[in-house]
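# sequence unknown, structure follows:
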């Protein structure tokens, strides 16, 4: 038996007090019993309590047991009905069983062992019906979530880079990913918090389970509560059907709460309970649901200041801040700019149908001097715009449109402002060495070298020409040609 029978309520209905006492005496230790003296009292109980099994005497004043079960189906459709009866009613009850109105019947005088077995089977039936419905709700919710997410583009370029700050972040990810610990990602907008959350999920034992995200700042309090915890049909205006929330959809996997610093106070209370007790109720339901979900949250807000101002619960802050990871802004990762530019050129070159396949050194130096208030997301947009307007094979400084005025570096009093360090030249030298080594290792095979470098052949050919390395290819000038120029690279 994969469930605890005592955790489900059994309603016993009989107009004779002695019969109710007999049930209490025999079964109070194994089951959670609720008793009622007639059908009307039983219906009141059903409106207030979630009941798994209804055990009712057939012959009672005003309403029979069978009539009670029919009325009960309108209130608790999942409750399993069991009738206690004399042999004279058996034909009627067999017909009711065949119609699905009654699960089993017990004849008087009953045997306690028989009744115990029937109750366990009835509770198991109730448990399976509820579990199947929960799984179907979860599947429908996840299917709807995937359908919405399919229209969103996920770019892992934010994690591209070789700088020490990014390596430190990835080291933290490697430490925490295999655990079930709650993670709080801190950082400015555009630094890649969602992508780090996905990296944690993908490198965890929960990888095969859902990764579900919700933006806590995008929804009003009432809508967010329903989105997180689900709702019952009729729970509020517009709730035309029962719906699983994101916690149920993410069962066994990871729930990513983005912009958690914007959670309304009433939702903070419910989230704290889930983190503490691993249980919740849907909106409009008194039924408690257990959940196994890892929570990764993210924010660009100063949570400590919000706690001090009384806008964020201190106990929730400590529940979320078990393993903090701070994502550095792009201005602290200048050595990654050229690598990210290369990544975004690969991504958008075909989409923009541009001739440009790289950024000129002067253009990279101009990017290095920008403050990057929008971080990597801003860099991605600038690269795409530059590829659209570029007229040559390289993006030039004049092709860059920052959308805002870039403040000039502030010089110390009495000194002249210094231009930004030519980081692009350092990157170009490193790239030249890397390409040379790949061609040498591949013995001049451009296709093999391109695979090693993670490039397509046309891009690698362009870079060979840019770095004046075409002489490394065998038979250069006779058999090798630029892909797309009427010749096939080997």
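Received, thanks. In this text, all values refer to a predicted model and were calculated from it rather than measured experimentally. Numbering: from 1, shown residues only.

# Tell me the spacing between the nearest residue to residue 448 once chain neighbours are set aside and residue 436.
With C-beta to C-beta, 6 or more residues apart in numbering as the criterion, residue 448 has its nearest non-adjacent residue at 3.9 Å, and that residue is residue 442. Where you see a C-beta, it was placed from the backbone N, CA and C, and this is true even at glycine. Distance, residue 442 to residue 436, by C-beta to C-beta, to the nearest Å: 11 Å.

# Residue 112 now?
Going from residue 112 to residue 436 by C-beta to C-beta gives 86 Å.

# What of residue 185?
For residue 185 relative to residue 436 (C-beta to C-beta), the value is 38 Å.

# again, but for residue 468
To residue 436, residue 468 is 11 Å away according to C-beta to C-beta.

# same check, this time on residue 317
52 Å.

# Neighbour count: these two, which is higher?
The neighbour count for residue 317 versus residue 436, taken as other C-beta atoms under 10 Å, is higher for residue 317 (18 against 15).

# Can you name the residues that contact the spatially closest residue to residue 198 that is not a sequence neighbour?
Spatial nearest neighbour of residue 198, chain neighbours left out: residue 211 (6.1 Å); criterion: C-beta to C-beta, 6+ apart. Residue 211 makes contact with 197-198, 201-202, 250, 253-254, 256, according to C-beta atoms under 8 Å, 6 or more residues apart in numbering.

# Tell me where the model's unsure across the stretch 51-200 of the chain.
87-93, 95-96, 98-100, 137-159 (pLDDT under 70).

# Name the residues of stretch 221-230 that are buried.
Within stretch 221-230, the residues that qualify as buried are 224-230, counting by 16 or more other C-beta atoms under 10 Å.

# starting at the chain centroid, how far to it?
15 Å (C-alpha atoms, centre = their mean, to the nearest Å).

# which residues are contacting that stretch?
Contacts with stretch 221-230, where a contact means C-beta under 8 Å, 6+ apart, come from 137, 141, 214, 216, 219, 235-236, 239, 242-248, 263-264, 266-267, 270-271, 280-283.

# pLDDT at residue 298, what is it?
According to the prediction, residue 298 has pLDDT 96.

# need the helices for the stretch 251-400 of the chain, in chain order.
Along the stretch 251-400 of the chain, counting by DSSP state H, counting those that start in this stretch, helices occupy 265-277, 303-308, 314-320, 337-352, 361-368, 375-389.

# Any idea which of those helices has the lowest pLDDT on average?
Lowest mean pLDDT of those: helix 337-352, a mean of 86.

# Mind listing what's buried along that helix?
Using 16+ other C-beta under 10 Å as the test for burial, helix 337-352 gives 337-345, 347-349, 352.

# what's the answer for stretch 59-69, then?
With burial defined by 16+ other C-beta under 10 Å, the residues of stretch 59-69 counted as buried are 60, 63-66, 68-69.

# Show only the entries of these found in helices.
Judged by DSSP state H, the subset of these located in helices is 65-66, 68-69.

# Closest one of these to residue 39?
Using C-beta to C-beta, residue 68 is the member of those that lies nearest residue 39, at 4.3 Å.

# check contacts around the closest one.
For residue 68, the contact set (C-beta under 8 Å, 6+ apart) comprises 13, 39, 42-43, 54, 56, 60.

# Weed out the non-buried ones from those residues.
Neighbour counting by 16+ other C-beta under 10 Å classes 13, 39, 42-43, 54, 56, 60 among those as buried.

# Among the residues you listed, which lie within helices?
Short answer: the buried ones among the contacts of residue 68 in helices (DSSP H) are 39, 42-43.

# per-residue confidence for the residue positioned nearest the centre of the chain?
With distances taken as C-alpha atoms, centre = their mean, residue 212 lies nearest the centre of the chain, 1.6 Å away. Listed pLDDT for residue 212 reads 91.

# Just checking, which helix or strand succeeds the helix or strand where it lies along the chain?
Residue 212 belongs to strand 211-215 when assigned by DSSP states H and E. Per DSSP H and E, the first helix or strand lying C-terminal to strand 211-215 is helix 221-229.

# What sits closest to residue 231 if chain neighbours are left out?
In this structure, residue 231 finds its nearest non-sequential neighbour in residue 283, 3.9 Å apart by C-beta to C-beta, 6+ apart.

# my read: that neighbour touches residue 234, true?
No - Residue 283 is beyond contact range of residue 234, at 10.5 Å (criterion: C-beta atoms under 8 Å).

# Between these two, tell me which one has more neighbours.
Taking neighbours as other C-beta under 10 Å, residue 283 and residue 234 compare with residue 283 leading, 20 against 12.

# mind checking how far the more buried one is from residue 238?
From residue 283 to residue 238 the distance is 12 Å (C-beta to C-beta).

# Show me what the strand or helix carrying residue 173 is in contact with.
According to DSSP H and E, residue 173 maps onto helix 164-176. Contacting residues not belonging to helix 164-176 are listed as 159, 183, 196, 199-200, 203, 323, 325-328, 332-333, 336 [C-beta under 8 Å, 6+ apart].

# If we use 6 Å, what do you get?
Here helix 164-176 makes contact (C-beta atoms under 6 Å, 6 or more residues apart in numbering) with 183, 199-200, 323, 325, 327-328, 332-333.
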